[in-house]
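J.: heads up, no residue letters with this:
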């Protein structure tokens, strides 16, 4: 990836439409994420500002976010000073990954006040800071930096704002001649061995290695090859002219090795499947959206995943022990035979004997068998002891078999939950957590404050097939139950991976062809444990043939009259299908 100064310049240019608009609402869905709802001047949208150390970014977004019941303190502070205010200016600092939002708002007394939101997008050092531009004092930061963390600056309420340390590089946008370009590179070029791309990164601010490689490639310089400044200048000048005039070509390139890169400019040197976008925000949303959400989901669901994995491991251990008990129970007849032999030869046994050798008349060869006895019991009591052991093992056969069946169902249920968490959105996690509370696996966390009202029906992921048919996907048991047992009609088509944990998928109506059926089967395979596999078996049948047994776990159904398709999930084809969340 390459969230460099050029990308931030493109974002800042795109956000100039916000100038003069009002900040209607401020939300903080994550520890280091803000969402500003902006309206006015022809602008109406959500601006995502993230200081996530792994995925820092700034762009318009269409994503939905799950907000905490109680807003964090930093969010409350921003609401006090910025909500309802209008954006006076948005500017990038030099060619760095720093953006300043100047917000003017009327305070409680009706006086106008100016505040600055400083967005620093620098990897693990990313931050969002609210400060008073008149005094330079920090009101607060989304991430506090103490003297123990940094000796250069602190980010704490009341401290004076100090910008991140200057790296001593030249702003490439100020270079307007070959002479000044050569002067910037001269100290580095004297080395003679430094590759061209490293030289460009070391000399100019906001240049990522990706941008440097692109300039070198356009100049005809091979990767790792040194080059004189005069050889690089024409490619540098043409690219910088496009950047100055805001002629951007946002692109994502997926390399064959699975690594993706993006940029605000065309990447002619990168090999792989490329996707171009109309705006830099669309490009960043496409690149970061899934990655950031998956990371947030993993963090939010970490405790659930650990709990479910532990429960699954306990049940797998339980199966092993039950199997051992079952093997012992299969030998129940030997205790009955010993009891009968003791009864038949009781006259040969005395109380106090610890063993007796008796002829086994059940054996065709009439071989003797040594029987262990309790010397404190009479022969009759020893016989009864073996009969009781026989009865216990015989009765345990049915009990243990039932326990094994129930434990296997438990393991399947827990495996399904793990699969659902693997494809869950942030909203889906809370539904899974509520299900575990209802099923008695975990206790309600019982946080203080008003309880979030549970919706009458869950929101469902809805796709539109290539033929225009509606396809619903349930991503957890709450959604699966509602989709299959309440929303779907008897004539709708139901799909699920065969003997593999996965989502319930429903095609509404019957006016669809083979293409829709294949796409629905692909969705069932993609939202299952087999999403990385090929030729995944997917069963399909009508809803009227699907039913939930009495007392079954949430999401569990049985079905008949099914047919089976074999499909290989194609993520790009799935992404090309229009989708919405419908409540």
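T.: Thanks, I have it. Nothing here was measured: the structure is a model prediction, and the numbers come from that model.

J.: Would you map the strands across the stretch 51-200 of the chain?
T.: Ranges of strands within the stretch 51-200 of the chain are 57-61, 86-92, 98-106, 112-120, 127-132, 137-141, based on DSSP state E, counting those that start in this stretch.

J.: Please identify the most buried of those.
T.: Mean neighbour count (mean count of other CB atoms under 10 Å) peaks for strand 57-61 among those, with a mean of 24. Every residue, glycine included, has its C-beta placed from N, CA and C.

J.: remind me which residues of the stretch 301-450 of the chain are low pLDDT?
T.: Judged by pLDDT under 70, the stretch 301-450 of the chain has its weakly predicted residues at 445-450.

J.: Which parts of it are strands?
T.: 355-359, 368-372.

J.: Can you convert those into a markdown table and add a column each for mean neighbour count and distance to residue 102?
T.: Shown next, in a markdown table, are the strands of the stretch 301-450 of the chain (neighbours: other CB atoms under 10 Å; distance: least, CB to CB, whole Å):
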| stretch | mean neighbour count | distance to residue 102 |
| --- | --- | --- |
| strand 355-359 | 14 | 96 |
| strand 368-372 | 13 | 91 |
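
J.: Could you export those strands as JSON lines, including distance to residue 152?
T.: Converted to JSON lines, the strands of the stretch 301-450 of the chain look like this (distance: least, CB to CB, whole Å):
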{"stretch": "strand 355-359", "distance to residue 152": "85"}
{"stretch": "strand 368-372", "distance to residue 152": "80"}
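
J.: For residue 215, find the nearest of these.
T.: Nearest of the strands of the stretch 301-450 of the chain to residue 215, taken as CB to CB: strand 368-372 at 88.1 Å.

J.: returning to that earlier point: quick one, which of the strands of the stretch 301-450 of the chain is nearest to residue 129?
T.: strand 368-372 (80.3 Å).

J.: re the thing from before, quick one, which of the strands of the stretch 51-200 of the chain gets closest to residue 360.
T.: Judging the strands of the stretch 51-200 of the chain by CB to CB, what sits closest to residue 360 is strand 57-61, at 80.1 Å.

J.: which other residues reach that closest one?
T.: With CB atoms under 8 Å, 6 or more residues apart in numbering as the test, strand 57-61 has contacts from 3, 8, 11, 14-15, 35, 45-50, 99, 119, 121, 279-281, 284-285, 288-289, 292.

J.: which residues in this protein form helices?
T.: 5-14, 73-82, 178-189, 196-203, 209-218, 229-244, 280-329, 332-344, 379-422, 426-438, 477-482, 514-526, 571-576 (DSSP state H).

J.: Turn these into CSV, columns for distance to residue 151 and mean neighbour count.
T.: Shown next, in CSV, are those (distance: least, CB to CB, whole Å; neighbours: other CB atoms under 10 Å):
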stretch, distance to residue 151, mean neighbour count
helix 5-14, 26, 24
helix 73-82, 24, 19
helix 178-189, 28, 16
helix 196-203, 24, 22
helix 209-218, 28, 22
helix 229-244, 35, 17
helix 280-329, 29, 16
helix 332-344, 75, 18
helix 379-422, 41, 17
helix 426-438, 37, 18
helix 477-482, 50, 22
helix 514-526, 49, 23
helix 571-576, 46, 12
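
J.: Format these as JSON lines; extra columns: distance to residue 25.
T.: Putting the helices of the chain into JSON lines (distance: least, CB to CB, whole Å) gives the following:
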{"stretch": "helix 5-14", "distance to residue 25": "21"}
{"stretch": "helix 73-82", "distance to residue 25": "8"}
{"stretch": "helix 178-189", "distance to residue 25": "45"}
{"stretch": "helix 196-203", "distance to residue 25": "40"}
{"stretch": "helix 209-218", "distance to residue 25": "35"}
{"stretch": "helix 229-244", "distance to residue 25": "33"}
{"stretch": "helix 280-329", "distance to residue 25": "19"}
{"stretch": "helix 332-344", "distance to residue 25": "70"}
{"stretch": "helix 379-422", "distance to residue 25": "30"}
{"stretch": "helix 426-438", "distance to residue 25": "18"}
{"stretch": "helix 477-482", "distance to residue 25": "28"}
{"stretch": "helix 514-526", "distance to residue 25": "34"}
{"stretch": "helix 571-576", "distance to residue 25": "30"}
